[in-house]
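>>> please work out how this folds:
(chains A and B)
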Amino acid sequence: MAKEKGQTKLNFLKGIANENPLFVSILGTCPALATTKSVEAAIGMGLLFTIVLVCSNILVSLLRKLIPEEIRTPAYIVIIATFVTIVKMFTNAFLPELYSTLGVFISLIVVNCIVLGRAEAYASKNKVFDSFIDALGMGVGYTLALILMAFFRELLGTGAFSFGKIFTFIPYFKLQIIPVGYEISLFQNPAGAFIVFALILAVIQFIKNRKAELKAYNERQEKIRKAQEAKLAAQNKEGGN
Amino acid sequence: MDKKHYIITSITLGLIGAASAGLIGAANLLTRKQIAQNELDKINSGIIEIFGKNASIESENSLSGYKYTNYSYYIKDSGDDIDRYAFKTTGSNSYGKISLLVGFTMKDSGVEFVGLSIIVNEQTYASTLVDNYINPLNSGDVSIDDVNCGATYGAKLVRNMINDAQIAANDIAEG
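The predicted model follows:
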């Protein structure tokens, strides 16, 4: 039971850290660059993406034994497109500001390789609950990655964080952090998105490299220690004789 | 593959398609009223943006014979002899749909442009339309033909839509 719980936790967490779809697998970069002008838009995009991913993963997993091999991909595309259309309709009806902010990128979730990738690589081979956890982890991981990008882009590009423009059910407020006139509007443009994305990837790679170097160093030290111990033991043995 | 397998495959795909159609149909039933209401709210706020806070729609007419302009709205009489109209003009290309509200007054001297408001913008190519064109146009800094929205592809469509609304306005003015 405890082992199963641990496995579920790992299944969920892998999407957030070790297999993060945006920062590790470098998937879904197009909407990530386009919808991260503000933290609010990033949260909205992440939320819609997670809903589509979770729903399609559950349905694909439920139907995995019924869908013949030859029509797997078209069937998955139909399932994903259905959920995207439904999500689009509900967003247009109940969150019109989010709908107009994200525009064509809601429809483009259909062709997002993360959604089709998880359906093909995971949901089609695993049980419903595991597929749900996998989708949730990937969705949360992608949302957090979008929020991280949007955090830097909004902060540097506008000098402030504003909420309530897209999610109109919360009262509007603006938190000015960088004095007006000192913001760098480049970060609100596509070029700024690429710069932020590249810098985040560079930092992640730097941390990974440091970890690998540290691991290799520790392994080398361990080997040396063991060799010295063996040498010492051999000397002691000789001295004893 | 044998005949039976073909039939099973076809039926499975057909059933998935039918179930998807059912789900989309149900979602449409649940959301269409709200979507229509949202669009109406946007038109009303667009009319206020163009003609001022006391403006409201007196009558609505659907138009035919124009490529982009499909509705005209007669704005309530504000005590003067000037007729005020707003035209809803909608266009689309492979990048999505744009819907604009174009306001005109009809005086003895002719049709005069008042303002422009955006209702729907699904086009990624027209992301700068409001900042680069609509706001400067409404404050009189650019002319109506200087459409700038980040890409020629989108700008051409918007220019054609506005020209179409002008033609519709002239037709109404000429009776």
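>>> gap between A:Val128 and B:Thr89?
A:Val128 sits 48 Å away from B:Thr89, taking Cβ to Cβ, to the nearest Å as the criterion. Yep, even glycine has a C-beta here, placed from its N, CA and C like the rest.
>>> and A:Ile147, how many neighbours?
For A:Ile147, the neighbour count with other Cβ atoms under 10 Å in any protein chain shown is 16.
>>> try the one 5 residues further on
A:Phe152 is surrounded by 19 other residues when neighbours are defined as other Cβ under 10 Å.
>>> show me the contacts for it.
Neighbouring residues of A:Phe152 by Cβ atoms under 8 Å, 6 or more residues apart in numbering or on different chains: A:Phe187, A:Val196, A:Leu199, A:Ile200.
>>> pick out whichever of A:Val128 and B:Thr89 has more residues nearby.
Legend: neighbour count by other Cβ under 10 Å for A:Val128 and B:Thr89, higher for B:Thr89 (27 against 15).
>>> can you confirm the more buried one is in a strand?
Yes: counting by DSSP: H, G, I helix; E, B strand; the rest coil, B:Thr89 falls inside a strand.
>>> which residues touch it?
Applying Cβ under 8 Å, 6+ apart to B:Thr89 gives the contacts B:Tyr68, B:Thr69, B:Asn70, B:Ser99, B:Leu100, B:Leu101, B:Val102, B:Met161, B:Ile162, B:Asp164, B:Ala165.
>>> report the beta-bridge partners for the residue most central in space within chain B.
Nearest to the mean C-alpha position of chain B, counting by Cα atoms, centre = their mean, stands B:Ser99 at 2.1 Å. Beta bridges link B:Ser99 to B:Thr90, B:Val120 when assigned by DSSP bridges.
>>> just the helices in chain A please.
A:2-16, A:29-34, A:39-62, A:72-94, A:96-102, A:104-107, A:113-118, A:128-158, A:190-240 (DSSP state H).
>>> remind me what the second one packs against, helices and strands.
It refers to helix A:29-34. Secondary-structure packing of helix A:29-34 (3 or more Cβ pairs under 8 Å, 6 or more residues apart in numbering or on different chains; DSSP states H and E): helix A:128-158, helix A:190-240.
>>> which of the contacts of B:Thr89 are buried?
If you count burial by 16 or more other Cβ atoms under 10 Å in any protein chain shown, the buried members of those come out as B:Tyr68, B:Thr69, B:Asn70, B:Ser99, B:Leu100, B:Leu101, B:Val102, B:Met161, B:Ile162, B:Asp164, B:Ala165.
>>> in the lowest-mean-pLDDT helix or strand in chain A, what counts as buried?
When the helices and strands of chain A are scored by mean pLDDT, DSSP states H and E, helix A:2-16 comes last with a mean of 83. For helix A:2-16, the neighbour count (16+ other Cβ under 10 Å) marks A:Asn11, A:Phe12, A:Lys14, A:Gly15, A:Ile16 as buried.
>>> how far away is the second one from A:Gly159?
Distance check for A:Phe12 against A:Gly159: by Cβ to Cβ, it reads 36 Å.
>>> same deal with the last one?
Relative to A:Gly159, A:Ile16 is positioned 29 Å away (Cβ to Cβ).
>>> does stretch A:86-102 reach chain B?
Yes: applying Cβ under 8 Å from any Cβ of the partner chain, one finds stretch A:86-102 touching chain B at A:Ile86, A:Met89, A:Phe90, A:Asn92, A:Ala93, A:Phe94, A:Pro96, A:Ser100.
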